[in-house]
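Chemist: Kindly return the folded structure for what I paste below:
(2 chains)
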Amino acid sequence: MNAQFKKGVLELMVLAAVSSRDMYGYELVAEVSKVVNVKEGTIYPILKRLTNEHYFETYLRESSEGPPRKYYHLTAAGIMHLDETRKEWKEFCRNVNGFLKEQGYE
Amino acid sequence: MNKKEFLNVMEKRLSVLEAQEREDMLSEYAQHIELKMESGMSEQEAIDDFGDIDSLIAEILEAYHIDPSYKEQQKKGAAEGIGKKASGMFNKSRQSLSNFMEQQKEKQEQRMEQKRKEDLEKPPRWRRKEEGEGSDSRSRDVAKAAAKKTGEIIKKLLIICVKILLVLVLLPSAFMALSSMFGFGVMAVLLLQGYPLFGAALVMLGCVMGFGALSLFIVTFIISRWTERKDVEA
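Modeler: Below you'll find the predicted structure:
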């Protein structure tokens, strides 16, 4: 899949995944890569950026095995950002699909 | 590349980030590799899943809005190692000094620019003459400006010297004026009590007026020079 496609969508997917429940990095990577064939490392920079933009909060929680894990939690600003991004995405999809239909594909 | 090497390379390449942020990032990747290994992958496979480390680093830096190509310059600096750290302080002080010099130079240039503008505002005959001289006049202008500058400095020094001299005259004359005023007061009292001191009292009055006038004149002279200079500065 086109890398440029992924870049924009990954952010939306990460936001949506964390909105259902708090997750730690590895979990998120596993979840997202179930759907999109994504390179393992690319999720972390996105998480970092969204955290720096205050859409995520992080906290450490002990795990039964290994060191404590850093969990990501969606903030109020994050929820708003997710809503907005989802709307944008839907409109974008509708527009592109409409265009493709017009051109005789689909 | 094993886990340790991978993390080392990352740490070096992310040296532009704050220590806290870098640690954060590295711990995430370290944990990721550990969890992968727990799920039955080999260390090598886990790291290979990250793909090309260059593009990974570029992506991380991009998330911080840092231009990845900036690292190329940084790498050169890293080779200097410890020496760089040691010279850091020296460099800093040198930098601040050079910054200061730069500022001074800028100020000087601004001043010269203003001068030139003022020159341009002079009567047109002047300007025409200057324009006629062509391109070589510029260097002459600079020399002229420098000469003017030194002339101004000498002038200022002279003014300061004159002022110091004036103050040296002013202080004793003011003192004399005050003391003769006191003397005149004493004489006046004695005169009223019937002592024959009319002549001495007149002399004292003359001293008061003379020294008073002298010191007031000097004061007004200094003040007027001062305000004049202030006007020029403003």
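Chemist: Please count neighbours and contacts with C-alpha atoms only from this point.
Modeler: Fine.
Chemist: Tell me where chain A has strands.
Modeler: A:23-24, A:56-61, A:69-74 (DSSP state E).
Chemist: how near is B:Lys156 to B:Ser224?
Modeler: For B:Lys156, the distance to B:Ser224 equals 15 Å [Cα to Cα, to the nearest Å].
Chemist: now B:Arg116
Modeler: 28 Å.
Chemist: Same check on B:Thr150?
Modeler: 24 Å.
Chemist: and what of A:Leu15?
Modeler: Relative to B:Ser224, A:Leu15 is positioned 74 Å away (Cα to Cα).
Chemist: Below-threshold pLDDT in the chain: ranges please.
Modeler: As the question left the chain open, I've gone with chain A. Under the criterion pLDDT under 70, the flagged ranges of chain A are A:1-3, A:106.
Chemist: nope, chain B
Modeler: B:70-96, B:98, B:119-137, B:225-234.
Chemist: mind listing the helices for it?
Modeler: All helices of chain B, identified by DSSP state H, fall at B:3-13, B:19-38, B:43-48, B:53-63, B:70-79, B:82-120, B:124-132, B:137-192, B:198-233.
Chemist: Out of the ones you listed, the one nearest chain A is which?
Modeler: helix B:53-63 (4.9 Å; Cα to the nearest Cα).
Chemist: Quick one: list the elements packing against the closest one.
Modeler: Helix B:53-63 sits against helix A:43-52, with contacts defined as 3 or more Cα pairs under 8 Å, 6 or more residues apart in numbering or on different chains; DSSP states H and E.
Chemist: Just give me how far the helix it packs on sits from the chain centre.
Modeler: 10 Å (Cα atoms, centre = their mean, to the nearest Å).
Chemist: what's that helix packed up against?
Modeler: Secondary elements touching helix A:43-52 (3+ Cα pairs under 8 Å, 6+ apart): helix A:3-20, strand A:56-61, helix B:19-38, helix B:53-63.
Chemist: With just CA atoms, put the last one into PDB.
Modeler: What that stands for is helix B:53-63. Taking Å, rounded to 0.1, in the frame of the first residue of the first chain, the C-alpha atoms of helix B:53-63 are listed here in PDB:
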ATOM      1  CA  ILE B  53      16.700   2.400  10.300                       C
ATOM      2  CA  ASP B  54      17.400   5.600   8.300                       C
ATOM      3  CA  SER B  55      13.800   6.000   7.300                       C
ATOM      4  CA  LEU B  56      12.700   5.100  10.800                       C
ATOM      5  CA  ILE B  57      14.900   7.800  12.300                       C
ATOM      6  CA  ALA B  58      13.700  10.300   9.700                       C
ATOM      7  CA  GLU B  59      10.100   9.500  10.700                       C
ATOM      8  CA  ILE B  60      10.800  10.100  14.400                       C
ATOM      9  CA  LEU B  61      12.500  13.400  13.700                       C
ATOM     10  CA  GLU B  62       9.700  14.400  11.400                       C
ATOM     11  CA  ALA B  63       7.300  13.800  14.300                       C
END
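Chemist: What residues sit buried inside it?
Modeler: For helix B:53-63, a neighbour-count test (16 or more other Cα atoms under 10 Å in any protein chain shown) marks B:56-61, B:63 as buried.
Chemist: Could you do the first one as well?
Modeler: Of the residues in helix A:3-20, those with enough neighbours to count as buried (16+ other Cα under 10 Å) are A:10-19.
Chemist: And chain B, is that helix touching that?
Modeler: No - figure legend: helix A:3-20 not in contact with chain B (Cα under 8 Å from any Cα of the partner chain); closest approach 10.3 Å.
Chemist: How far does that helix sit from its chain's centre?
Modeler: Its chain's average C-alpha position is 3 Å from that of helix A:3-20, according to Cα atoms, centre = their mean.
Chemist: Give me the residues contacting that helix.
Modeler: Identification of contacts with helix A:3-20 by Cα atoms under 8 Å, 6 or more residues apart in numbering or on different chains yields A:28, A:31-32, A:36, A:38, A:43, A:46-47, A:72-74, A:78-79, A:82, A:85-86.
Chemist: 7 Å instead, please
Modeler: A:46, A:72-74, A:82, A:85-86 (Cα atoms under 7 Å, 6 or more residues apart in numbering or on different chains).
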